[in-house]
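Novice: One predicted model, sequence on top.
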Amino acid sequence: MRAMSALRFIITLSIGLLALSGPARAADRSPHCLSDCKPRIGIVSAFGAEADLLIARTTDRRVWKINGNRFTTGTLQGNRVVIVLSGVGMVNAAMTTQLMLDHFRIERLVLSGIAGGINPANNVGDVVVPEKWAAPMEVYWNGDESVPAACGKPGDVECLGLKLARGEDTRPLPPVRLGNSPTGQYLRENFVMNADNSPHGEFRFDFTADPHMLAIARTLQPGLEKCGPRTPPQCVSTQPQLRVGGRGVSSNAFLANPDYRQYLHETIAAELMDMETAAFAQVAYANKIPFIAFRSVSDLAGGNDFKDVGAFFGSGLAETNEAKVTMAFLQAWRERSTTAQGQR
């Protein structure tokens, strides 16, 4: 009898341990999501009006409050989405994007917002979709314009855990000059770690948008507005266009310096500048999540001579056009996904 009781005890204990371990093993296999595990497209905006236009068009809305941030889940253009307002700045963008990835099952990331123009060929109201994003104010600030040689030879700063950004000729990019004034600032690459490059990580200057999402963006033909929706109406003189390609740049500085704008355009062919996307893109890369960013030009950064500068805050034109393109992209993405499922 004692042997039988002991056997029953062992069987009962084994069943209990299996029951406890089963969900844990299942959880290990499940997507990483602390709050909601439905597959979604994550949409990040920095400015209130940018996100409001998208949230207003989202159905079946539910608000999740996580660490003070409001994440809105629902359906937008037939896609399951979660939308969040990050707040302005690189740190806010990085923290909020990572928080989204931790709490929701994000399959793709979209950033939708406004930016200052760098390339003077871009006009107010244009929507630019860069192929890559960089953070040019990550610098090595030298005492003069000589190439830094902190680790023994010109251009070598890797003993400091840093790496200078280089051009196609492999030489360090020219240092920042503001007019005729040298600054000694040399652009750096950013260190980033993910599952593919661990444990050593890698240095990168650019973070590249997803080619499949870019291909969809190139097919869009949205009817962009010339006049903002607010009263009194303000209109731009040139019909806004959708432009896909080139490099976007981001920093924590609000750019109002025409000399630095010229440096960025001439040295690294920057199209526009904002204060969030490069950080958002680095978080996407670190988590291996495909991304794309839509930015509508609000003004020429630091250009008081830009004839259409008043169309930004006075009319809401930039926000209207970036929302139009984002909505058009989501519609096209949904149609592509439906077609792909039907062909299986």
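Specialist: Perfect, thanks for sending it. None of these values were measured; they are calculated from a predicted model.

Novice: show me what contacts the spatially closest residue to residue 139 that is not a sequence neighbour?
Specialist: Taking C-beta to C-beta, 6 or more residues apart in numbering, and ignoring the residues beside it in sequence, residue 139 has residue 185 as its nearest neighbour in space, at 4.3 Å. Every C-beta, even on glycine, is put in place using the N, C-alpha and C of the backbone. Residue 185 is in contact with 139-142, 175-176, counting by C-beta atoms under 8 Å, 6 or more residues apart in numbering.

Novice: Just the strands from the stretch 201-344 of the chain, written as ranges.
Specialist: In the stretch 201-344 of the chain, strands defined by DSSP state E, counting those that start in this stretch lie at 202-204, 207-208, 242-244, 247-250, 270-274, 291-300, listed in chain order.

Novice: The longest one: partners in the sheet, and parallel or antiparallel?
Specialist: Meaning strand 291-300. Strand 291-300 pairs in its sheet with strand 104-117 (parallel), strand 127-129 (antiparallel), by DSSP bridges.

Novice: With the first one instead?
Specialist: Taking DSSP bridges as the criterion, strand 202-204 sits next to strand 190-192 (antiparallel) in its sheet.

Novice: okay, now residue 212: neighbour count?
Specialist: The number of residues packed near residue 212 is 13, by other C-beta atoms under 10 Å.

Novice: Residue 199: which of the contacts of residue 185 is nearest?
Specialist: Of all these, residue 140 has the smallest distance to residue 199: 24.8 Å, by C-beta to C-beta.

Novice: Surely the closest one and residue 157 touch.
Specialist: Yes. Contact criterion C-beta atoms under 8 Å: residue 140 and residue 157 qualify, at 5.9 Å.

Novice: Spell out which residues are contacts of both of those two.
Specialist: Listed as contacting both residue 140 and residue 157 by C-beta under 8 Å, 6+ apart are 148, 164.

Novice: Nearest residue to residue 331 in space, ignoring adjacent ones along the chain?
Specialist: residue 77 (4.5 Å).

Novice: Contacts only, for the one you found.
Specialist: Applying C-beta under 8 Å, 6+ apart to residue 77 gives the contacts 57, 327, 330-331, 333-334.

Novice: Now do it against residue 47, distance only.
Specialist: 21 Å (C-beta to C-beta, to the nearest Å).

Novice: just residue 184 next, same as before
Specialist: With distances taken as C-beta to C-beta, residue 184 is found 34 Å from residue 47.

Novice: Could you check how many residues crowd around residue 315?
Specialist: Residue 315: 23 neighbours (other C-beta under 10 Å).
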